[in-house]
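> Next input, structure requested:
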Amino acid sequence: MAPKALLTRKLGMTSTISQTGEVKAVTLLGVSEHSVLMNKTIERDGYNAVQIGTEKAKHLTKSLIGHTKKAKVQPKIIREIRLSELDSELNVGDKFSTDVFSVGDKVSVTAVNKGKGWAGTIKRHNFHRQRKTHGGKGDTRKPGSIGSMYPQHILKGKKMAGQMGHVQVTIKNLEVALIDPDHSVIGVYGAVPGPNKSLVLIKGSL
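As a prediction, the model looks like this:
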């Protein structure tokens, strides 16, 4: 049995009407054929995992060509999925796609969200601006004091201006809304981080 995990591409969003008549947002994810590249076991590697690959690369390095030789594929994207227990029937070279999930399955999605560049504290951390009158002095969007005398340095994690977005985000407990094997598309209720065409890892929730 193939692992409940897929490496997908975000296609965009649409909406659907549920059986109760409620309109729900759905994110569509494109799925290419996946191949099993390697099985890792506790006895040999110290943990159970399966290595999967998808899409096609134009040029692979010699090390990757040797690594994927048994599977007889040249994947563009390779990821390792940790498993609590490895399926004995899962062999190198096995193929799988959207069929590993069913409508109604609970999943978690992981992707890199949109980068928004350098942002101030108001946009980045929802700080309140200072008043414009009665001694405001015009410095309405400045963060104000950032620390005290001790310990003479800024503590790590202090909310300040800086790079916003372009970080890995995982959203848990989303639900599979639809599966279209003919068009290799899987739909998930709700929003998924990242821009269109970005890589999205979808895994079954425990």
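> per-residue pLDDT, the residue sitting furthest away from the middle of the chain?
Distance from the C-alpha centroid of the chain peaks at His134, with 47.2 Å (CA atoms, centre = their mean). If you check His134, the pLDDT there is 87.
> A helix includes it, no?
No. His134: not assigned to a helix; according to DSSP: H, G, I helix; E, B strand; the rest coil it is coil.
> list the contacts for it?
Not one residue lies near His134 by CB atoms under 8 Å, 6 or more residues apart in numbering. Where you see a C-beta, it was placed from the backbone N, CA and C, and this is true even at glycine.
> Phi and psi next, for it.
phi 50, psi 60 (degrees, to the nearest 10).
> Could you find the residue nearest the spatial middle of the chain?
Thr110 (1.7 Å).
> which strand residues sit across from that one in the sheet?
Thr170, Leu201 (DSSP bridges).
> domain assignment for this structure?
1-32+102-113+167-175+185-206, 33-96, 118-137+156-162 (automatic domain parsing).
> Show me the one of these that comes nearest Ile146.
Among the domains of the chain, the nearest to Ile146 by CB to CB is domain 118-137+156-162 (6.5 Å).
> buried ones in that closest one?
Using 16 or more other CB atoms under 10 Å as the test for burial, domain 118-137+156-162 gives Gly120, Thr121, Arg124, Phe127, Ala161.
> on that earlier part again, ok, the residue nearest to the centre of the chain touching Val167?
No. Counting by CB atoms under 8 Å, Thr110 stays clear of Val167, with 11.3 Å between them.
> now the strands for this structure?
5-17, 23-31, 34-40, 49-56, 75-82, 95-96, 106-112, 115-119, 162-165, 168-180, 185-189, 199-204 (DSSP state E).
> For Thr27, which non-adjacent residue is spatially closest?
Closest residue to Thr27 apart from its sequence neighbours, by CB to CB, 6 or more residues apart in numbering: Val192 at 4.3 Å.
> State the pLDDT value of the residue nearest to the centre of the chain.
For Thr110, the pLDDT comes out at 96.
> Considering the buried residues of domain 118-137+156-162, which is situated nearest to Ile52?
Of these, the one sitting nearest to Ile52 (CB to CB) turns out to be Arg124, at 35.3 Å.
> Pull the contacting residues for that closest one.
Lys159, Ala161, Gly162, Met164.
> again, but for His34
Ala2, Leu6, Leu7, Ile52, Gly53, Thr54, Lys95, Phe96, Ser97.
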